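Peer 1: predicted coordinates and the sequence they were generated for:
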Amino acid sequence: MDLNRLWVFGTVILIGAAAVLGWVLGVAPKLDEAQLADADREIVETQNSAYEAQVSTLKKKFDSIVSLRTDLSSLRMAVPSAAEIPDFVAQLDTIAQQHQVTLTSILVSDAQPYVPVVAVAPVEPVAEPAEESQPAPTPAPIAVAAPTAAEVAAALAPQPNELITGTNFVSVPISLSVTGSYGNVLDFLESLQKGTRLVMVTTFATSEGSATTPASGGPIPAAAVGTEATETAVISTDVVASIAGLIYVLLDPAASPTPAE
């Protein structure tokens with residue numbers, strides 16, 4: 001009887017040991033692998049969701065690629081990848097003919113690398129001390145402090161773009177001289193700033209030119225000089241306008257590192 005009990009007890013121990021070993025060596029690793037597989041699946045599903053969102057965004061952008069290419073083409077005409085001075089001169093001739101002014105001279109200077117605009121904070125005036133005989137009253141404390149001049153200047157200053165540097169963006173100084181009536185010269189100046197090529201006018205000055213001929217196209221009669229007939233014979237007085245400005249070039253990284261001369 002005792003021997004049978006020992007055999008039963010030993011059998012139970014062996015069965016328990018087999019079960020534990022089976023769990024440790026067989027089931028537990030498989031469960032760990034399943035947990036890792038679930039974690040990897042969740043990561044992949046998250047990545048797929050992000051990729052699907054990116055694909056959807058790219059599809060929407062691709063639908064508008066035609067308008068984007070049109071905008072790029074117009075921007076490239078305003079700021080080309082080379083100086084393209086002959087095309088710019090042709091544009092000036094067209095504008096001059098439209099507004100009946102004469103383009104007398106064009107001067108194109110060497111290109112200059114772009115320099116970001118840095119706002120200079122204005123110097124705040126120092127308050128003078130009050131006289132000792134009449135001390136100023138102590139003002140009441142203010143809850144909210146007003147912005148200083150430096151803070152306002154920093155807020156209004158243009159923020160530089162990291163993509164625009166002196167290595168890929170240059171400005172070309174130009175100087176023009178046109179002759180025509182004052183109104184036509186102003187129209188020419190407006191069309192110049194709104195033309196296909198981007199032009200920033202920096203200075204504009206006019207001086208009196210020669211008087212125009214009569215409406216008939218013939219010379220002013222000598223008998224009319226110094227009389228009231230002179231005032232009616234002369235239509236208007238032309239002015240000579242001097243215009244200085246800048247045109248810009250955004251270099252293409254795949255092209256030559258310098259603009260065409």
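Peer 2: Yep, that arrived.
Peer 1: wait, Ala244 touches Leu192, no?
Peer 2: No - contact between Ala244 and Leu192 fails when scored by C-beta atoms under 8 Å: they sit 11.7 Å apart. Where C-beta positions appear, they are placed from N, C-alpha and C, glycine not excepted.
Peer 1: who has more neighbours out of those two?
Peer 2: Leu192 (20 against 16; other C-beta atoms under 10 Å).
Peer 1: can you confirm that one is in a helix?
Peer 2: Yes - judged by DSSP: H, G, I helix; E, B strand; the rest coil, Leu192 forms part of a helix.
Peer 1: quick check: bridge partners of the closest residue to it other than its chain neighbours?
Peer 2: Distances taken as C-beta to C-beta, 6 or more residues apart in numbering place Val199 nearest to Leu192, at 5.6 Å, with adjacent residues excluded. Here Val199 sits in beta bridges with Ile247, going by DSSP bridges.
Peer 1: number of residues surrounding Val199?
Peer 2: Using other C-beta under 10 Å, Val199 has 22 other residues around it.
Peer 1: try Asp87
Peer 2: Here the number of neighbours of Asp87 (other C-beta under 10 Å) works out to 14.
Peer 1: what does the one 10 residues further on give?
Peer 2: Counted by other C-beta under 10 Å, the residues lying close to Gln97 total 11.
Peer 1: ok, Ile247 - contacts?
Peer 2: 83, 88, 171-172, 174, 197-200 (C-beta atoms under 8 Å, 6 or more residues apart in numbering).
Peer 1: for the residues you listed, which one is nearest Asp252?
Peer 2: Ala83 (12.9 Å; C-beta to C-beta).
Peer 1: tell me the secondary structure for the closest one?
Peer 2: Secondary structure, three-state DSSP: Ala83 is coil.
Peer 1: gap between it and Thr237?
Peer 2: Distance from Ala83 to Thr237, counting by C-beta to C-beta, to the nearest Å: 36 Å.
Peer 1: neighbour count: those two, which is higher?
Peer 2: Neighbour count, other C-beta under 10 Å: between Ala83 and Thr237, Ala83 has more, with 19 against 12.
Peer 1: can you map out the helices along the stretch 1-150 of the chain?
Peer 2: 2-22, 28-63, 65-78, 85-98, 149-156 (DSSP state H, counting those that start in this stretch).
Peer 1: want to throw the ones you listed into TSV with distance to Ser207?
Peer 2: Below are the helices of the stretch 1-150 of the chain laid out as TSV (distance: least, C-beta to C-beta, whole Å):
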stretch	distance to Ser207
helix 2-22	106
helix 28-63	53
helix 65-78	31
helix 85-98	18
helix 149-156	35
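Peer 1: these into a markdown table, with extra columns for mean pLDDT?
Peer 2: Below are the helices of the stretch 1-150 of the chain laid out as a markdown table (pLDDT from 0 to 100):
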| stretch | mean pLDDT |
| --- | --- |
| helix 2-22 | 70 |
| helix 28-63 | 84 |
| helix 65-78 | 82 |
| helix 85-98 | 92 |
| helix 149-156 | 56 |
